[in-house]
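Q: missing the sequence, but the structure's below:
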């Protein structure tokens, strides 16, 4: 910290209890009272420097008063400032620093220690030290501004606060690595004007590390709220980014609001403990006032303030019972960017005595209403529709879709609360528009949890609750679970089964559709119904995956048909063998082949178009017929032999 030495004489002041005495050898002839302390001094040193004391002493002389006691209890800076001013009048050595220069400057102005009374008087000395030394240093400027709390009115009139604020704001907007002043003042190595590190004044050639934009947060957080507000206003006037302003407000609030430190890391907690050991925790009234002022300082802009900070301020405001306007502003700020929140942020504990729920569902309901109102104002709440009436995906739907997923998760968290009434749960679930949920699995899960935690609900209440869910937007897994869920009303289970069958039929119908080329002009008929050209265009525009899926399904269907035909033929063969065995039980040894040992083979569809058998085969068949004779067994043997040959050629 910079300092300036004034005076040349040795210290002649001695304190005994609350009494100050000047040990210059001469008896004191005037007593100055400042609060509870008394200064026994001499008239001449004071008359030569202070216009106020000269006028007071002259008034006593003119009135002929015998008492030479002058009361200066209202002097800025109190007894400490008057002690330094008195030492200056006597020429006693003392140091003027950034910690006492503001009080000394205000006391000099109060005592009227101008150049008209004496050349090089205290006003000129303090002004020169402020301008040439204090305001040129970041650390000294912050320290001087911090000491203005006790003399706000006079420091404001003398523009000391304005000059300190301007100095700090200018340096906070600049690059701290340009001149190296923050590194030198934080206990690090000194730097040259070019930025290289110095050791005993000799350049080491090394460059300092770059400082982050938040390097000044910790320094200015020691200021009182009135001075901090002036500093933030000056920074905004100079065009510093809103993100940096919000970061400083966040750091400042966490130092003075213990409720914001609930989720701090270990390093932040240790830092907070070191801070609270030096400063006492403010009262609840002071914390409430501070929180309301921070709410006014925060920029009302989407995405600038993090949801974590806003939810922390909201929880603290609810606990401190802040004003309704403060609570409403915080809820609106959160509603503007609800899509960036997390489920943990929404779990706001309920401290109201009138409501017995575990979490504050009403607060979340108001936040959702603010989000929906903002979304409608910005035009993001109306989905686009295609020519077939289906909802088209749009980037503007992404925020409300994320909010819908977030609210579904929140409903699942609060659903086990037995004190949560059905109207509140249903109102929050129905607040999200239908188009915001592409799938209702999350909502179904929340409803199922609520029904499990509230088994006393009537059948009509269950049906009323399930109306907020669209059974057509349930996935296959959710439909399977819902069809077997005994907690759901019977009507809902029937709807789930109906829509599941309807979706299955639609899927089969889509797989059977075969698109014709666009230039064909002839529409394929499916089930006797002609397919229009518009439908061909829509089918032709299917994605590649859908076409591949359709091809695979067609191949599977044809394979199933071939297997069914082979099964019919094998069944017929088995029946012929059994009939033949019953008619000629003694002639089994005449069959030179064993059908049981033959391995079944799947024939290709090309076998149907194969060429006719050779004449040799026909001759063998005729011989088999003749050998059958009158027994009537030639025809079955011929048919069996044909089946054998057909299987062998597969």
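A: Noted; the coordinates are in hand. Keep in mind it's a predicted model, so treat the numbers as computed, not measured.
Q: alpha carbons only for contacts and neighbour counts from here, please
A: Fine.
Q: How about residue 321, nearest residue that isn't a chain neighbour?
A: Leaving aside its chain neighbours, residue 321 sits nearest to residue 288 (7.7 Å; criterion: C-alpha to C-alpha, 6 or more residues apart in numbering).
Q: so where's the protein uncertain?
A: For the chain, the stretches flagged by pLDDT under 70 are 1, 174-211, 262-280, 379-396, 512-552, 555, 563, 583-650.
Q: Could you list the domains of it?
A: Per the TED database, the structural domains of the chain span 3-136, 337-379+397-472.
Q: chain center to the first one: distance?
A: If I follow you right, that is domain 3-136. Centroid separation for domain 3-136 versus its chain: 57 Å, with C-alpha atoms, centre = their mean, to the nearest Å.
Q: and that domain, how far apart are its ends?
A: With C-alpha to C-alpha, to the nearest Å applied, domain 3-136 spans 13 Å between its terminal residues.
Q: now swap in stretch 431-448 and tell me
A: Taking C-alpha to C-alpha, stretch 431-448 runs 19 Å from one end to the other.
Q: same check, this time on stretch 64-83
A: 28 Å.
Q: helices or strands up against the longest helix along the chain?
A: The longest helix of the chain (DSSP state H) is helix 544-583. Here helix 544-583 touches helix 490-512, helix 634-648, going by 3 or more C-alpha pairs under 8 Å, 6 or more residues apart in numbering; DSSP states H and E.
Q: if we can go back for a sec, present the domains of the chain as JSON lines; the columns should include mean neighbour count.
A: Below are these laid out as JSON lines (neighbours: other C-alpha atoms under 10 Å):
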{"stretch": "domain 3-136", "mean neighbour count": "17"}
{"stretch": "domain 337-379+397-472", "mean neighbour count": "18"}
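Q: Determine which of these approaches residue 492 most closely.
A: Closest to residue 492 of the domains of the chain, according to C-alpha to C-alpha: domain 337-379+397-472, at 7.4 Å.
Q: What's the end-to-end length of the closest one?
A: Domain 337-379+397-472 has an end-to-end distance of 30 Å (criterion: C-alpha to C-alpha).
Q: From here on, call the first residue 12.
A: Got it, the first residue is 12 from now on, which makes the last one we talked about domain 348-390+408-483.
Q: that older thread, is it possible to get CSV of the domains of the chain that adds distance to residue 320?
A: CSV is the format used below for the domains of the chain (distance: least, C-alpha to C-alpha, whole Å):
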stretch, distance to residue 320
domain 14-147, 33
domain 348-390+408-483, 10
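Q: Surely residue 155 and residue 175 touch.
A: Yes: using C-alpha atoms under 8 Å, residue 155 makes contact with residue 175 at a distance of 7.3 Å.
Q: which of the two has more neighbours?
A: The residue with more neighbours, out of residue 155 and residue 175, is residue 175; 26 against 23, by other C-alpha atoms under 10 Å.
Q: which residues touch that one?
A: Counting by C-alpha atoms under 8 Å, 6 or more residues apart in numbering, residue 175 touches 146, 152, 153, 155, 156.
Q: distance of residue 264 from residue 169?
A: With distances taken as C-alpha to C-alpha, residue 264 is found 30 Å from residue 169.
Q: How much space separates the residue nearest to residue 332 from residue 327?
A: Look at residue 299 and residue 327: by C-alpha to C-alpha, they are 9 Å apart.
Q: Same check on residue 32?
A: Relative to residue 327, residue 32 is positioned 53 Å away (criterion: C-alpha to C-alpha).
Q: returning to that earlier point: tell me which of the contacts of residue 175 is nearest to residue 564?
A: Residue 564 has its nearest neighbour among the contacts of residue 175 in residue 153, at 76.9 Å by C-alpha to C-alpha.
Q: List the residues that contact that closest one.
A: Residue 153 sits next to 175, 179, 230, 231 when contact means C-alpha under 8 Å, 6+ apart.
Q: Out of those residues, which end up buried?
A: The neighbour count (16 or more other C-alpha atoms under 10 Å) marks 175, 179, 231 as buried among the contacts of residue 153.
Q: so of those residues, which ones are in helices?
A: Mapping those onto helices (DSSP H) picks out 175, 179, 231.
Q: so the residue nearest to residue 368 when sequence neighbours are not counted, which of the three states?
A: Leaving aside its sequence neighbours, residue 368 sits nearest to residue 430 (C-alpha to C-alpha, 6+ apart; 5.4 Å). Following DSSP: H, G, I helix; E, B strand; the rest coil, residue 430 is assigned to coil.
Q: Work out for me the element residue 476 sits within.
A: Using DSSP states H and E, residue 476 sits within helix 470-477.
Q: Then residue 307?
A: Per DSSP H and E: residue 307 is located in helix 295-308.
Q: distance between that helix and the chain's centre?
A: Put simply, helix 295-308 sits 22 Å off its chain's centre (C-alpha atoms, centre = their mean).
Q: Let me know whether residue 342 touches residue 377 as I believe.
A: Yes: Residue 342 is within contact range of residue 377, at 7.3 Å (criterion: C-alpha under 8 Å).
Q: Next up, the contacts around the residue nearest to residue 332.
A: By C-alpha under 8 Å, 6+ apart, residue 299 lies in contact with 328, 331, 332, 333.
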